[in-house]
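Trainee: the following comprises the amino acid sequence and a computationally predicted model.
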Amino acid sequence: MNINITQEKTAQKLKKVPSRIKMRTESEVRAYSYLPDPIKEKFLRNRKVRFARCHVYYPDLLLPEAKIVIEIDGSSHSSPKAQKHDRKKDKEFTENGYAMIRIKNEATICKTTFLYKLYYELIKFSDIKERKGGQRFVECIEDYLYAADEEEYLVDESELQFTDIFHEYTING
């Protein structure tokens with residue numbers, strides 16, 4: 001009898017939660033699992049973010065202290081309506097000081113590919129290392145990529161462009 005009451009309360013709670021929070025794509029789950037362990041627990045997944053204009057968004061991955069948003073984009077983002085929504089979302093986050101990063105589903109197939117792509121997008125923000133938590137995040141990714149490079153984890157030619165950028169940035173940046 002208590003089990004039915006508990007199940008009913010759980011069902012009622014789930015009805016109150018926006019559907020966006022309940023579903024995560026396989027690519028989003030993989031992307032989260034690829035984040036370096038020392039900072040993974042600081043990321044929020046599909047948490048509500050509300051801005052002054054009362055727009056509410058649920059970013060796939062959010063590092064609040066460094067104001068970094070990572071969106072994993074699949075085929076549903078290719079329609080004109082979805083692209084318009086994405087531009088609006090990107091603009092809203094950017095205007096509020098967030099580093100907005102979009103990564104295609106395909107880049108989540110392999111951990112090394114995902115982290116190279118993420119790193120490549122991160123270094124586009126000149127202030128990323130000055131942000132609270134940003135320096136640590138970048139360092140964790142660099143540590144993994146250095147180890148991957150030494151052990152030759154590269155799986156395909158598409159990663160080579162990112163390795164060159166990574167080496168150039170870490171040596172000169």
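Mentor: On my side now, so go ahead.
Trainee: okay, and the helix or strand of this structure with the least pLDDT?
Mentor: The helix or strand of the chain with the poorest confidence is helix 19-22; it has a mean of 46 (mean pLDDT, DSSP states H and E).
Trainee: which ones are touching residue 50?
Mentor: 56, 57 (CB atoms under 8 Å, 6 or more residues apart in numbering). Yep, even glycine has a C-beta here, placed from its N, CA and C like the rest.
Trainee: tell me the bridge partners for it.
Mentor: Counting by DSSP bridges, residue 50 forms beta bridges with residue 56.
Trainee: pLDDT score for it?
Mentor: On the pLDDT scale, residue 50 is placed at 89.
Trainee: need the three-state assignment for the residue nearest the centre of the chain.
Mentor: Most central in the chain under CA atoms, centre = their mean is residue 70, positioned 2.7 Å from the mean C-alpha point. With DSSP: H, G, I helix; E, B strand; the rest coil as the basis, residue 70 sits in strand.
Trainee: find the nearest non-adjacent residue to it, please.
Mentor: residue 61 (4.0 Å; CB to CB, 6 or more residues apart in numbering).
Trainee: re the thing from before, hey, what's the residue nearest to the centre of the chain bridged with?
Mentor: Applying DSSP bridges, one finds that residue 70 bridges with residue 61, residue 101.
Trainee: need the contact list for it.
Mentor: For residue 70, the contact set (CB under 8 Å, 6+ apart) comprises 31, 59, 60, 61, 62, 63, 101, 103, 118.
Trainee: which member of the residues you listed is positioned nearest residue 24?
Mentor: residue 60 (7.8 Å; CB to CB).
Trainee: count of neighbours near residue 108?
Mentor: 24 (other CB atoms under 10 Å).
Trainee: ranges for the strands of this structure?
Mentor: Here the chain has its strands, by DSSP state E, at 44-45, 49-50, 56-57, 61-63, 68-73, 99-104.
Trainee: name the residues that touch the last one?
Mentor: Under the contact criterion CB under 8 Å, 6+ apart, strand 99-104 has outside partners 31, 66-74, 86, 89-90, 93-94, 114, 117-118, 121-122, 125, 128, 131.
Trainee: so of those, which ones are in helices?
Mentor: Mapping the contacts of strand 99-104 onto helices (DSSP state H) picks out 31, 86, 89, 90, 93, 94, 114, 117, 118, 121, 122.
Trainee: how close does the closest residue to the second one other than its chain neighbours get to residue 91?
Mentor: Closest residue in space to residue 86, ignoring its immediate chain neighbours: residue 77 at 6.0 Å, by CB to CB, 6+ apart. Here the distance between residue 77 and residue 91 works out to 16 Å (CB to CB, to the nearest Å).
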